[in-house]
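Peer 1: Next one to model:
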Amino acid sequence: MKKHSYIYLMLSILFVFIFIILWKKTNFYIQIKDIITGTKEDQNKVDKIEKKSYLITKKEHLLPEEKEIFKLAIIIDDIGFSIEPVYSLLEIKEPITFSILPFQRYSEKVANLLKENNKEIMLHLPMESNNFKGDSENDNGTILMSMDEFEISNLVEKAINSIPYTKGVNNHKGSKITENENSMRIILRVIKEKNLFFIDSKTSSYSIANQIAVEMGIPSLSSDLFIDNIQTEDHIKSQIFKVVEIAKKKKKAIGIGHPYETTINVLKEILPKIKDYGITLIFVSDLLK
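Peer 2: Numbering: from 1, shown residues only. Below is the predicted model of the structure:
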């Protein structure tokens with residue numbers, strides 16, 4: 001009797017075990033079937049899972065969107081006659097390159113001040129223009145067509161050495177000199193020896209200065225326009241927007257201004273917002289990299 005009871009017990013346990021296995025397999029089959037043929041609710045769940053998986057995969061492999069960078073450099077010429085405009089310009093925190101005239105009362109003092117404020121410094125090298133008026137203009141070290149090679153080289157070197165922290169050179173006036181290949185080669189030879197860059201201010205549409213500098217292996221560019229050849233706020237703003245458009249067309253541009261009160265006021269207004277126009281404001285030397 002006990003033996004039969006034991007057998008019945010074992011058979012009952014076996015039956016329960018088989019039932020559980022079959023139930024699990026059947027339920028799994030139903031789940032599989034529901035996923036394959038399943039209900040709308042099941043399909044929505046699958047869609048959400050697939051979508052989430054796709055987004056994660058896409059996010060992991062998606063590279064940052066590449067945006068075009070349009071670069072603009074602003075040069076302020078004729079620095080060195082006085083120091084007050086420089087203090088005013090230093091209130092602008094955006095990058096500005098200052099081009100300092102040699103042998104002026106404040107030339108060296110301004111260069112040191114600009115260095116302390118992390119601004120870029122250039123030499124504004126005076127050169128003879130087509131409407132040169134005589135020896136009075138030579139007081140600031142103007143390079144003249146009548147000078148020989150030694151005189152030109154000596155004057156260029158003295159001018160460079162007079163402005164500490166100089167990274168480059170651009171011409172002050174100089175429409176006559178920049179049209180003359182021989183004079184420019186003498187000037188540019190010294191600039192190259194000093195490891196400086198050159199910017200053609202383009203005071204003459206016939207200038208060959210930039211072309212020669214490039215041929216000589218000197219980092220060089222030409223300015224695109226003067227922003228304040230007419231001293232009104234409307235004109236200066238219009239010129240700034242013109243050079244912005246040039247930068248967008250060429251991917252880089254140079255605008256030249258002067259330390260006039262009107263120019264400074266317009267720059268204070270526009271430069272802090274220049275990035276809103278898709279423009280990156282940089283030092284001139286960064287355009288040459």
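
Peer 1: Please enumerate the strands of the stretch 51-200 of the chain.
Peer 2: All strands of the stretch 51-200 of the chain, identified by DSSP state E, counting those that start in this stretch, fall at 70-79, 97-100, 120-127, 168-173, 197-200.

Peer 1: Just send these back as a markdown table, with mean pLDDT too.
Peer 2: Listed next are these as a markdown table, based on pLDDT from 0 to 100:
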| stretch | mean pLDDT |
| --- | --- |
| strand 70-79 | 98 |
| strand 97-100 | 98 |
| strand 120-127 | 98 |
| strand 168-173 | 98 |
| strand 197-200 | 98 |
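
Peer 1: could you redo these as a markdown table and give each row distance to Asp276 and mean neighbour count?
Peer 2: From N, CA and C alone the C-beta is placed, and that goes for glycine too. Listed next are those as a markdown table, based on distance: least, Cβ to Cβ, whole Å; neighbours: other Cβ atoms under 10 Å:
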| stretch | distance to Asp276 | mean neighbour count |
| --- | --- | --- |
| strand 70-79 | 12 | 23 |
| strand 97-100 | 22 | 26 |
| strand 120-127 | 23 | 25 |
| strand 168-173 | 28 | 25 |
| strand 197-200 | 27 | 24 |
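
Peer 1: I'd like these written out as JSON lines, with distance to Ile143 added.
Peer 2: Formatted as JSON lines, the strands of the stretch 51-200 of the chain follow (distance: least, Cβ to Cβ, whole Å):
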{"stretch": "strand 70-79", "distance to Ile143": "16"}
{"stretch": "strand 97-100", "distance to Ile143": "16"}
{"stretch": "strand 120-127", "distance to Ile143": "5"}
{"stretch": "strand 168-173", "distance to Ile143": "9"}
{"stretch": "strand 197-200", "distance to Ile143": "14"}
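
Peer 1: of the ones you listed, which approaches Tyr277 most closely?
Peer 2: strand 70-79 (8.6 Å; Cβ to Cβ).

Peer 1: what are the pairing partners of that closest one, and which direction each?
Peer 2: Strand pairing for strand 70-79, determined by DSSP bridges: strand 97-100 (parallel), strand 252-257 (parallel), strand 279-281 (parallel).

Peer 1: quick one, which of those is nearest to Asn265?
Peer 2: Closest among these, using Cβ to Cβ: strand 252-257, at 11.5 Å.

Peer 1: Extract the C-alpha set from that closest one and format it as CSV.
Peer 2: Output of strand 252-257 as CSV, limited to C-alpha atoms (Å, rounded to 0.1, in the frame of the first residue of the first chain):
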residue,chain,number,x,y,z
LYS,A,252,38.2,86.1,-44.8
ALA,A,253,38.6,89.8,-45.0
ILE,A,254,40.5,92.8,-43.6
GLY,A,255,39.0,96.2,-42.9
ILE,A,256,41.2,99.2,-41.9
GLY,A,257,40.0,102.1,-39.7
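
Peer 1: which stretch among the strands paired with strand 70-79 comes nearest Lys71?
Peer 2: strand 252-257 (4.3 Å).
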